[in-house]
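In: After the sequence you'll find the predicted model.
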Amino acid sequence: MDNRIGEMQMFLRVVESGSFSEAARLSMTTPSTISKLIARVETRLGVRLLERSTRRLSVTPEGQLYYERAQALIGDLDDMEHVLTTGSVRPGGIIRINASVAFGALAVEPLLPEFWYAYPDIVVDLSLSDELTDLYLDRTDIAFRVGALQDSNLTARHIGTARRKIVGSPDYLSRFGTPQSIDDLDRHKCLGFNFRRAAPVWPLQEKGRIADRIVRGPLLANNGETVRRLTLRGAGLARLGDYHVRNDIKAGRLVEVLAQTDAQDEEEIHALYLGSKQTPQRVKVFLDFIIPRLQAYMRA
């Protein structure tokens, strides 16, 4: 009988590592051995799972489905082994979670001790980054996304709405003045992000319509927490989510400016996951635990 679980595990490793050579290194075998194994699976299934080129591998729609089901099946096997070895029917195993630096640190992290009290056998593998991750390639169970969702076969659960605010420290505003209009931003240092190759753009409300305003300043960062910390130190103005700066505003460490220009500058926050009948129990209980608490956090 062929080792289909081993084939699935090897396919997951190839997809997640991005190449036969890296998967071979991790598995202590040869790329040709892995290539033949994947080819054998494709022949048996009668579909192509991977598109091969000299530069990279890409997953076909059929390969994506195979990846999703294989990941869920292996997760169920891990759960079964946990029950058998510990004698416990409580959910266990690893949940891989991705969130932006600010949302993860402020909203997700404080809830984890309470979650572990209820589910002590679940390990949370938490990665914080403002760059988008591929749930399939990075083998992520749940990703918290701020902003518009791309079309995909992922399941999304709504958490709340974040309104962007332009803020500055009292020290910065005392030295450079408080902007009274959008045009005043041309004379201010505006801290931005490096997600785009072009200059940072702030969508602001001007004369009843939303206009993209190019802003310039001394910083381009890859996460909102770096921008917030430097704003607190008086480096310039920043445009950040209200959940990210509300404690600073309440404490007087930051001051909102140009509130009239960003009244409709909102972004939705969702939890994304590979929703299906095969969703592991540990993922289900985490979602059921954390989503209502995050929704309450966003409403506060």
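Out: Perfect, I can see it now.

In: Would you quantify the distance from the residue lying closest to residue 108 once chain neighbours are set aside to residue 225?
Out: Excluding its sequence neighbours, the residue lying closest to residue 108 (Cβ to Cβ, 6 or more residues apart in numbering) is residue 99, at 5.4 Å. In this view, the C-beta of every residue, glycine as well, is placed from N, C-alpha and C. Distance, residue 99 to residue 225, using Cβ to Cβ, to the nearest Å: 12 Å.

In: With neighbour numbers in mind, choose between the two.
Out: residue 99 (25 against 19; other Cβ atoms under 10 Å).

In: which residues touch the more buried one?
Out: 107-108, 126-128, 143-144 (Cβ atoms under 8 Å, 6 or more residues apart in numbering).

In: residues in contact with stretch 188-208?
Out: 130-131, 166, 176, 179, 182, 185, 210-222, 224, 227, 230-231, 235-239, 258, 260-265.

In: just checking, what packs against the longest helix seen in the chain?
Out: When the chain is parsed with DSSP state H, its longest helix is helix 61-86. Contacts defined by 3 or more Cβ pairs under 8 Å, 6 or more residues apart in numbering; DSSP states H and E place helix 61-86 against helix 4-17, strand 93-99, helix 281-299.

In: now those in CSV, with mean pLDDT and distance to residue 156?
Out: As requested, those are exported to CSV (pLDDT from 0 to 100; distance: least, Cβ to Cβ, whole Å):
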stretch, mean pLDDT, distance to residue 156
helix 4-17, 84, 22
strand 93-99, 90, 14
helix 281-299, 92, 11
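
In: Just tell me which of the ones you listed ends up closest to residue 66.
Out: With Cβ to Cβ, the closest approach to residue 66 among these belongs to helix 4-17: 6.8 Å.

In: Off-centre distance for the closest one?
Out: 23 Å (Cα atoms, centre = their mean, to the nearest Å).

In: mean confidence score for the very next helix or strand once past that helix?
Out: The first helix or strand that comes after helix 4-17 along the chain, using DSSP states H and E, is helix 20-27. The pLDDT scores in helix 20-27 average 84.

In: Repeat that for stretch 105-121.
Out: 94.

In: Give me the distance between that stretch and the centre of its chain.
Out: So, by Cα atoms, centre = their mean, the centroid of stretch 105-121 is 18 Å from its chain's centroid.

In: just stretch 22-34 next, same as before
Out: 29 Å.
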